[in-house]
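> Can you look at this prediction? I've put the sequence above it.
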Amino acid sequence: MSSKVVAIVGSYRKGGVIDTAVEAVLEGAREKGAQTRTFYLTEQHIEFCTHCRQCAQAPGAERSKCPQQDDMESILTEIEAADAIVLGSPVSFWNVTAIFRRFLERTLGAIYWPWGQNAPSPRSKRQPRKAVLVASSAMPGFLIPLTTGAAKALRIAAKSLGAKPVGSLWIGLAAQEPHPRLSARVLNRARRMGMKLA
C-alpha cells in the first residue's frame, strides 16, 4: 500500500518560493510511490482560535474537536490519515505568516488543559508521522532557525500534528527579485527530502 503525504502551505501566493519548494518535496515522495495532497491555507475557511479551550477539556490520547464549524476538522482528519506531512511558510516579520499561525493555533485540541491546571500537557507523545519543514526568507537561509521564530513554530506545528521532523529546508535570499526561482541544487535537495517521507 502506498504512503500518503499531506502538505500545508502557509504562503499568500501560488508559484512562489514556498509553493515551489513544497511541490518539489511532494514530487520526491511521489517518485517513491506516495499519494500526495496539498492544502493552501489561503483557500481554506479557518476561523481564529477564540481560546475558549473547550477542545482541551476532555481527557484522553485522541485529539479533541473544536466547536467551530469550518474546514479545520477536515484538514486535521486528512493529516491524521497520512504517513507524513510537509509544513511550509515564508518568514514574515520574523515568524511564520499570520495564516499559518492561525492554522497552528487551531491545533490546540492536541493538548489536555482542563480548568484549574496551571499548564497544558500533550495528549500523546506518539509521533507516528514524519515531517519536512520548509521556510523562506530575505535573509540568508542559515539565519532562519537562529534569528526568527519560524523554525520553532514549524516544529511546534509538527509536534502538535504527531509528526517528527526528518528534514528541514531553510531557503534564504528569497527577496532578491520579484519572481525568484529556486536553484537546481535546492530543488534536488527538496526532492531527496520527499523521498524520505514515502
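On my side now, so go ahead. Residues are numbered from 1 along each chain as shown.
> ok, and the residue positioned nearest the centre of the chain, which helix or strand is that part of?
Nearest to the geometric centre of the chain sits residue 87, at 2.7 Å (Cα atoms, centre = their mean). Per DSSP states H and E: residue 87 is located in strand 84-90.
> so after that strand, what's the next helix or strand?
Following strand 84-90 in sequence, per DSSP H and E, is helix 98-105.
> pLDDT on the following helix or strand past that following helix, on average?
Downstream of helix 98-105, the next assigned helix or strand under DSSP H and E is strand 111-112. For strand 111-112, mean pLDDT rounds to 94.
> Likewise for stretch 135-146?
For stretch 135-146, mean pLDDT is 95.
> Show me how far the strand holding residue 87 is from its chain's centre.
4 Å (Cα atoms, centre = their mean, to the nearest Å).
> Spell out which strands sit alongside that strand in the sheet and which way each one runs.
strand 4-9 (parallel), strand 129-136 (parallel) (DSSP bridges).
> looking at the ones you listed, which is closest to residue 80?
Closest of those to residue 80 is strand 129-136, at 8.6 Å (criterion: Cβ to Cβ). Placement of C-beta: from N, CA and C, glycine included.
> what's in contact with the following helix or strand past the closest one?
Using DSSP H and E, the next helix or strand after strand 129-136 towards the C-terminus is helix 144-147. Identification of contacts with helix 144-147 by Cβ atoms under 8 Å, 6 or more residues apart in numbering yields 91, 94, 135, 137, 139, 150, 151, 152, 168, 170, 172.
> Check the residues you listed for burial and list the buried ones.
Listed as buried from the contacts of helix 144-147 are 91, 135, 137, 139, 150, 151, 168, 170, 172; burial here means 16 or more other Cβ atoms under 10 Å.
> Closest one of the residues you listed to residue 70?
Nearest to residue 70 among the buried ones among the contacts of helix 144-147 is residue 150, at 24.5 Å by Cβ to Cβ.
> shouldn't that closest one be in contact with residue 91?
Yes - Residue 150 is within contact range of residue 91, at 4.8 Å (criterion: Cβ atoms under 8 Å).
> what do these two both touch?
Common neighbours of residue 150 and residue 91 (Cβ under 8 Å, 6+ apart) are 135, 137, 144.
> Now the last one: closest residue in space, sequence neighbours ignored.
Put plainly, it is residue 144. Spatial nearest neighbour of residue 144, excluding adjacent residues (Cβ to Cβ, 6 or more residues apart in numbering): residue 170 at 4.2 Å.
> Which pLDDT does the model give that neighbour?
97.
> who touches it in this structure?
135, 136, 137, 141, 142, 144, 145, 151.
> Name the strands paired with the strand or helix carrying it and say parallel or antiparallel.
Under the criterion of DSSP H and E, residue 170 resides in strand 163-171. According to DSSP bridges, strand 163-171 has the following sheet partners: strand 129-136 (parallel).
> CA atoms only: put the strand it pairs with into PDB for me.
Backbone C-alpha positions of strand 129-136 (Å, rounded to 0.1, in the frame of the first residue of the first chain) are rendered in PDB as follows:
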ATOM      1  CA  ARG A 129       4.200  10.700  11.100                       C
ATOM      2  CA  LYS A 130       7.300  12.100   9.500                       C
ATOM      3  CA  ALA A 131       7.600  15.800   8.600                       C
ATOM      4  CA  VAL A 132       9.700  18.100   6.400                       C
ATOM      5  CA  LEU A 133       9.700  21.700   7.400                       C
ATOM      6  CA  VAL A 134      10.200  24.500   4.800                       C
ATOM      7  CA  ALA A 135      10.700  28.200   5.300                       C
ATOM      8  CA  SER A 136      12.000  31.000   3.100                       C
END
